[in-house]
Every structure is written in structure tokens, then in C-alpha cells.
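Q: 3D model of this:
(one chain, ligands or ions: 1)
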Amino acid sequence: MHEWSIAYSVVKTLIENFNKKISKVTLVIPLFSFLDIKILKEAFNELKKENPIVENAELEVKIQEPTFRCRNGNREFKFSDIQQQVGEVKNSYGEEYPLHLMPELLPAFVKCPYCGSHDIEAIGQEIYIEKVEEYGAVERVS
Ligand SMILES: [Zn+2]
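A: This next block holds a predicted model:
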């Protein structure tokens, strides 16, 4: 039910920070969050009903590929650079492989492609609102 608490945070943030009706909100989530986007959108659409600021807002979700940093050589690399290593972990453990359940275990299974160190961290793993679009600033008069 993690999706519901995220959807709730988004709706709450919008209500607290905006005075105009919102048409669209773009949320960035990391690849390794493994959130169910469909459930996230359903939750958002349910929670937005009560408040005129968000009731017509559309939720757009962008998946962000994480970047990694090796603490040993201080070099950064992308998920595509270690995708093969992750694939091998997945092959040996099956669908419920450990990185799926606990992404923070990544350094235990994956090595820096440059120096082979396991002392790596994922950066850019946070969920954030990238963009909020409001309806025209001018109130329409009918
Ligand atoms: Zn390294």
C-alpha cells in the first residue's frame, strides 16, 4: 500500500502549496522503487476527489533511472553499465530476486564497472514532483 501513501503526499503537497486549480502534476519515481504505477494513479484519482484544487489534475509518472557512485574511485556510472550484473543476480535467484525486494542490497551484489569495488551507492533515488501545471492564471468569466 506504499502507493497510497505516496499519492496522499502528492495531493497534500499540492493542496498546501497551490491556490489555483491544477491541470497536471508530473511525479518522478526511481526505477528501483518498484511501485505499481497503475495503483499509484488509481490512488491519486481517488484522493483528489475531495478538493477543488486537485480534482481535475492528471497525474503523470516518469521513471528515473538511477545513477551510481563508487566511493572507492569516486566515479559515477549508470544503471545500463551494471544491467548485466543485475541480470545475472536475477537469473540465479528468479523473479523474487533480492534486489527486487531490497534495492538497498545492490552493493552486495553489484561491483563498480571501473574498479570492481562493492563500495557503491545509488544516487537520485528520491521521489519528487518535477512539474505542476495550473489552469490559466486568468479566471474565466462566463
Ligand atoms: Zn570504482
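
Q: close to the ion: what parts of the chain are there?
A: 70, 72, 73, 112, 114, 115, 117 (C-beta under 5 Å from the ion). Every residue, glycine included, has its C-beta placed from N, CA and C.

Q: can you list the weak-confidence ranges in the protein?
A: 1, 98-103, 136-142 (pLDDT under 70).

Q: what about residue 16, neighbour count?
A: 8 (other C-beta atoms under 10 Å).

Q: re the thing from before, from the residues of the chain next to the ion, which land in strands?
A: Of the residues of the chain next to the ion, the ones assigned to strands by DSSP state E are residue 70.

Q: filter the residues of the chain next to the ion to the buried ones?
A: Among the residues of the chain next to the ion, the ones that count as buried by 16 or more other C-beta atoms under 10 Å are 70, 112.

Q: so residue 19 makes contact with residue 54?
A: No: the pair residue 19 / residue 54 is not scored as a contact, 11.9 Å apart, by C-beta atoms under 8 Å.

Q: can you redo the residues of the chain next to the ion as CSV with distance to residue 13?
A: Shown next, in CSV, are the residues of the chain next to the ion (distance: C-beta to C-beta, whole Å):
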residue, distance to residue 13
70, 34
72, 37
73, 38
112, 36
114, 38
115, 40
117, 38
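
Q: nearest to residue 127, of the residues of the chain next to the ion?
A: Nearest to residue 127, judged by C-beta to C-beta, of the residues of the chain next to the ion is residue 70 at 24.2 Å.
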